[in-house]
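> here is my input; please provide its structure:
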Amino acid sequence: MNKINTKIIFIIFVILLNSLKPLNSIENKILFKINGKSFTSLDIENRKKYLAFIGDNINLDNEFIIKDFISSLIFNEYFLMTNNNFNLDNEITKIYNNILKENNKNLEDLNINELEILANLKYDFVRKNILQDIINKGENNIFN
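Numbers count the residues shown, from 1 in each chain. I've put the predicted structure just below:
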């Protein structure tokens, strides 16, 4: 009786083992650091998914995506160091909802969560505002 139970358990184990799907994993390597904060290959993958969410950015090459991401992170670090006090959360939420409505995309299809999109939107929004401030200050100097 004991041999029969062992054989049944073995058969069930083999069936379960064969029914498992192969796992796809990405090795999460640290690619760069900014101000002691590490950014990994997973962050780049999330950036790619974010770019696909906000528009038709599927054909961007990896080098461009990494440089763009680093640029937005540097502007974000500058923003954090200068203690700017404009309210980001409301604007970012509005932008997120507008993109979601206009593009009619499903986050599950892109395999990205809302927090990752909001974080990347924040980086881009901060960069845009800092550049806009620099341009506005430059205009005042030109006309004076």
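
> mind checking which helix or strand of the protein has the lowest mean pLDDT?
None of the helices or strands of the chain scores lower by mean pLDDT, DSSP states H and E than helix 2-19, at a mean of 58.

> state which helix of this protein is the longest.
Ranked by residue count under DSSP state H, the longest helix found in the chain is helix 114-143.

> enumerate the positions of that helix that are buried.
Buried residues in helix 114-143, counted by 16 or more other C-beta atoms under 10 Å: 116-127, 129-130. Where you see a C-beta, it was placed from the backbone N, CA and C, and this is true even at glycine.

> and if you look at stretch 38-45?
Neighbour-count burial for stretch 38-45 flags 39, 43-45 (criterion: 16+ other C-beta under 10 Å).

> likewise for stretch 52-63?
Result for stretch 52-63 [16+ other C-beta under 10 Å]: buried residues 52-54.

> from these, pick the one nearest D61.
Lowest distance from D61 to the buried residues of stretch 52-63 (C-beta to C-beta) belongs to A52, with 14.0 Å.

> what is the helix or strand harbouring that closest one packed up against?
Per DSSP states H and E, A52 falls inside helix 41-54. On a contact count with 3 or more C-beta pairs under 8 Å, 6 or more residues apart in numbering; DSSP states H and E, helix 41-54 meets strand 30-34, helix 62-81, helix 88-103, helix 107-110, helix 114-143.

> where does the chain have low pLDDT?
Applying pLDDT under 70 to the chain flags the ranges 1-26, 85, 105-107, 140-144.
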